[in-house]
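Trainee: Sequence first, predicted coordinates after that:
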Amino acid sequence: MNDRKSVRVLIAEDDYLVSKMVGALLEELKYTVVGEAADGVEAVEMTHALQPDVILMDIKMDRMDGIEAARLIQERHPTPVVVLTAYETEELVIEASAAGAGAYLVKPPNTRELERAITIAMARFDDMMALRESNRRLAEMLAELEAAREKVIQQERLAVVGQLAVGFAHEFNNVLAVIALYTNMSLPDPALPLQIRERLGVIAQQTRYATDLVQQLVDFGQRAALDRKTMDVAALLEETLALLERTLPQDIHIELTHECAPPVTINGDPTRIRQAVVNLALNARDAMPKGGQLHIGLGRLRVTEDQDPPLPEMSVGEWIKVTVTDTGTGIPPEALSHIYEPFFTTRAPLGHGLGLPQTYGIVRQHNGHIGLETQVGEGTTFTLYLPALTMRPAESPPPDIAAIPQGRGEVVLVVEDGDALRAALVDSLAGWHYQTLEATSGHEALALMETQGEQVALVLSDVVMPGMGGVALLDALREQGWPTPMILLTGHPMKKKLQVLRDKGLSAWLTKPLSFERLAQAVADALRQ
């Protein structure tokens, strides 16, 4: 009895006499009638106001029939429903069940039928709610799986494009190295007319620009040679802020905030990390053609096993986060899946579409992740997550000297399979007063060492060559007992091999295209060792 008294029933019936008859049966069974609705519209409204435990719903009613009312109630205020009908058909049962009804009664009902229908409807309602929750979770899982699938597809597409980009960059770097070396070699010649020197200056400038573009492709392909060290991100952002204040338009207000106390350290390449932040700032500038706010934030984040990270792919541990937020135009939804693809841009003709891909590659090569929040017309926030270190940063190395060091007639063995680049290297070394020997492969270099090795003070070798490359050449020289210093030229990262090669006596490695000054300094440093 007490259980029935606790069950509150709403009657929805447009026939007054039938409504009173059903109400009397409910009272006889000790149910509590909380209200009587005269049509479907009232049934929906009274369900919201009275929150009954079960509804007895007539099928045919004015303004809104019972099927539509039951459907709306299940959408807005899920409640067990028993359908009242004057006739029973298979189509009606299916339609009522689809609308959320848990049972039905043929009028006029008796007390036993009424009690049984209410009990069934309430029991089925619990099952229906459990099924609905299960379907909701399943839908969420499917959405997450679809998002993960799309992300995997995007990452695979980016990886393929990255491989193509790195292959292109390696070949193009050799071409740029030849142009850069010959141009810088010719510029100081006082015998050249002023007009020729000015033209050479333009060539040198455009070569540097092309070199930057190639570097962006290499960074995107995550194949750049990183110069990692313990670095303070806070200090780097202060320096970057000063640079941006000098270069961005005055109608863009820049702000830097720290959410954590220094030092904020990572194991990274300061030049590449600075490039990533500058790229995001320049992207923000393009998104604010009429000016706006640019905010750079620095903070720490600890991801534990009992919490969801900001990005699913992030692992447990300490992270440094750098945010770059603008108040610009935002990124349209249809562009989000393409923003890290090279040469894709929503701001043509302002950009070449390499800034964000380069940033993506730099962050990923630092074992980090990049997050994005954007809304059209309201701005964009990029967040760089980089693995944190707890140690203090090491002292910065002294800057490279600007003067070009000269040789004293030492013999340098140049090992390079590219004829044009080899000739440019030989000419450059001759201009710095070095003597040279030439080889087109590692095997040819070994043969020269057998006959003239005592004269060779330094080996300058490319890494990638047919037959025997530079790394194998270094191994062979050490196996044969030659302690000759060696410099490797590479368009690819050395990564884990670098320390092993240094232990074998590698003096330096230089990335292509070669800097005229850096090459001269590296050769001089190797000969002083």
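Mentor: Everything's here; your move.
Trainee: Low-confidence ranges, this protein, go.
Mentor: Applying pLDDT under 70 to the chain flags the ranges 1-5, 88, 151-171, 209, 212-213, 215-227, 343-353, 390-403, 491-499, 513.
Trainee: domains for it, by residue range?
Mentor: The chain breaks down into these domains under automatic domain parsing: 2-109, 151-220, 229-387, 411-528.
Trainee: Out of those, which gets nearest to Ile118?
Mentor: The closest of the domains of the chain to Ile118 is domain 2-109. By C-beta to C-beta, the value is 5.6 Å. All C-beta spots, glycine's among them, are computed from the backbone N, C-alpha and C.
Trainee: before we move on, the earlier item: make CSV out of the domains of the chain and add mean neighbour count and distance to Met141.
Mentor: Listed next are the domains of the chain as CSV, based on neighbours: other C-beta atoms under 10 Å; distance: least, C-beta to C-beta, whole Å:
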stretch, mean neighbour count, distance to Met141
domain 2-109, 18, 22
domain 151-220, 17, 15
domain 229-387, 17, 13
domain 411-528, 18, 38
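Trainee: Mind listing the residues bridging to the nearest residue to Ala388 once chain neighbours are set aside?
Mentor: Of all residues not flanking Ala388 in the chain, Glu318 sits nearest, at 4.0 Å (C-beta to C-beta, 6 or more residues apart in numbering). Beta-bridge pairing for Glu318 (DSSP bridges): Arg302.
Trainee: Glu318 and Arg300 touch, don't they?
Mentor: Yes. If you go by C-beta atoms under 8 Å, Glu318 and Arg300 touch, sitting 6.8 Å apart.
Trainee: okay, and the common contacts of the two?
Mentor: Common contacts of Glu318 and Arg300 (C-beta atoms under 8 Å, 6 or more residues apart in numbering): Ala388.
Trainee: From the chain's centroid, how far away is the longest helix that the chain contains?
Mentor: Taking DSSP state H as the criterion, the chain has its longest helix at helix 111-186. What separates the centre of helix 111-186 from the centre of its chain is 13 Å, taken as C-alpha atoms, centre = their mean, to the nearest Å.
Trainee: and if you look at stretch 81-88?
Mentor: Distance, stretch centre to chain centre, for stretch 81-88: 57 Å (C-alpha atoms, centre = their mean).
Trainee: and it, C-alpha only, in PDB?
Mentor: Extracted C-alpha coordinates of stretch 81-88, given in PDB (Å, rounded to 0.1, in the frame of the first residue of the first chain):
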ATOM      1  CA  VAL A  81       3.900   6.600 -20.000                       C
ATOM      2  CA  VAL A  82       0.900   4.200 -20.300                       C
ATOM      3  CA  VAL A  83      -1.100   4.800 -23.400                       C
ATOM      4  CA  LEU A  84      -4.900   4.600 -23.200                       C
ATOM      5  CA  THR A  85      -6.600   3.600 -26.400                       C
ATOM      6  CA  ALA A  86     -10.100   2.500 -27.500                       C
ATOM      7  CA  TYR A  87      -8.700   0.000 -30.000                       C
ATOM      8  CA  GLU A  88      -5.500  -2.000 -30.300                       C
END
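Trainee: distance between stretch 467-481 and the chain's centre?
Mentor: 39 Å.
Trainee: neighbouring contacts of it?
Mentor: For stretch 467-481, contacts defined as C-beta under 8 Å, 6+ apart pick out 415, 441-443, 445-446, 449, 459, 461-464, 484, 486, 488-490, 497, 501, 504-506.
Trainee: swap in stretch 138-148?
Mentor: For stretch 138-148, contacts defined as C-beta under 8 Å, 6+ apart pick out Pro312.
Trainee: and that stretch, C-alpha only, in PDB?
Mentor: C-alpha atoms of stretch 138-148 as PDB (Å, rounded to 0.1, in the frame of the first residue of the first chain):
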ATOM      1  CA  LEU A 138      28.300   4.800 -27.200                       C
ATOM      2  CA  ALA A 139      27.700   7.900 -29.300                       C
ATOM      3  CA  GLU A 140      30.400   9.700 -27.400                       C
ATOM      4  CA  MET A 141      32.800   6.800 -27.900                       C
ATOM      5  CA  LEU A 142      32.100   6.700 -31.600                       C
ATOM      6  CA  ALA A 143      32.600  10.500 -31.800                       C
ATOM      7  CA  GLU A 144      36.000  10.100 -29.900                       C
ATOM      8  CA  LEU A 145      37.000   7.200 -32.200                       C
ATOM      9  CA  GLU A 146      36.100   9.200 -35.300                       C
ATOM     10  CA  ALA A 147      38.100  12.200 -34.000                       C
ATOM     11  CA  ALA A 148      41.000   9.900 -33.200                       C
END
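Trainee: Now do the SS call for the residue nearest the centre of the chain.
Mentor: With distances taken as C-alpha atoms, centre = their mean, Ile370 lies nearest the centre of the chain, 3.8 Å away. Under the three-state scheme (DSSP: H, G, I helix; E, B strand; the rest coil), Ile370 adopts strand.
Trainee: roughly how far apart are it and Arg274?
Mentor: As judged by C-beta to C-beta, to the nearest Å, Ile370 and Arg274 stand 16 Å apart.
Trainee: hang on, Tyr104 is in a strand, isn't it?
Mentor: Yes. Checked against three-state DSSP, Tyr104 lies within a strand.
Trainee: Next up, identify which helix or strand the nearest residue to it once chain neighbours are set aside is on.
Mentor: Sequence neighbours aside, Val83 is the residue nearest to Tyr104 in space, at 4.2 Å (criterion: C-beta to C-beta, 6+ apart). Secondary structure from DSSP states H and E places Val83 in strand 81-85.
Trainee: quick check: angle from that strand to helix 111-186?
Mentor: With axes from the mean of the first three to the mean of the last three C-alpha atoms, to 10 degrees applied, the angle from strand 81-85 to helix 111-186 works out at 130 degrees.
Trainee: Direction included, what does strand 81-85 pair against?
Mentor: In the sheet, strand 81-85 lines up with strand 54-58 (parallel), strand 103-106 (parallel) (DSSP bridges).
Trainee: of those, which approaches Pro289 most closely?
Mentor: Between Pro289 and the strands paired with strand 81-85, the shortest separation by C-beta to C-beta is 58.4 Å, and it involves strand 54-58.
Trainee: List of residues touching that closest one?
Mentor: Residues outside strand 54-58 that contact it (C-beta under 8 Å, 6+ apart): 7-15, 18, 22, 40, 43, 47, 66, 69-70, 73, 79-85, 101, 105, 118, 121-122.
Trainee: cool, and stretch 311-324?
Mentor: The list of residues contacting stretch 311-324 from outside it, by C-beta under 8 Å, 6+ apart, reads 148, 233, 237, 264-266, 277, 280-281, 284, 294-305, 309, 369, 371, 381-388, 390.
Trainee: hang on, Thr451 is in a helix, isn't it?
Mentor: Yes. Counting by three-state DSSP, Thr451 falls inside a helix.
Trainee: show me the contacts for the nearest residue to Ile120 once chain neighbours are set aside.
Mentor: Spatially, and ignoring its direct neighbours in sequence, Ile120 is nearest to Ala103 (4.4 Å; C-beta to C-beta, 6+ apart). Residues near Ala103 by C-beta under 8 Å, 6+ apart: 82-83, 116-118, 120-121, 124.
Trainee: hmm, back to that, ok, the residue nearest to Tyr104 touching Lys107?
Mentor: No. Val83 lies out of contact with Lys107 (C-beta under 8 Å); the separation is 10.4 Å.
Trainee: shared neighbours, the two?
Mentor: Among the neighbours of Val83, none is also in contact with Lys107 (C-beta under 8 Å, 6+ apart).
Trainee: for the residue nearest to Tyr104, which residues make a bridge with it?
Mentor: Under the criterion used (DSSP bridges), Val83 bridges to Met57, Tyr104.
Trainee: Now do the strands in the stretch 351-500 of the chain.
Mentor: With strands called from DSSP state E, counting those that start in this stretch, the stretch 351-500 of the chain shows them at 369-375, 379-387, 411-415, 435-439, 456-462, 486-490.
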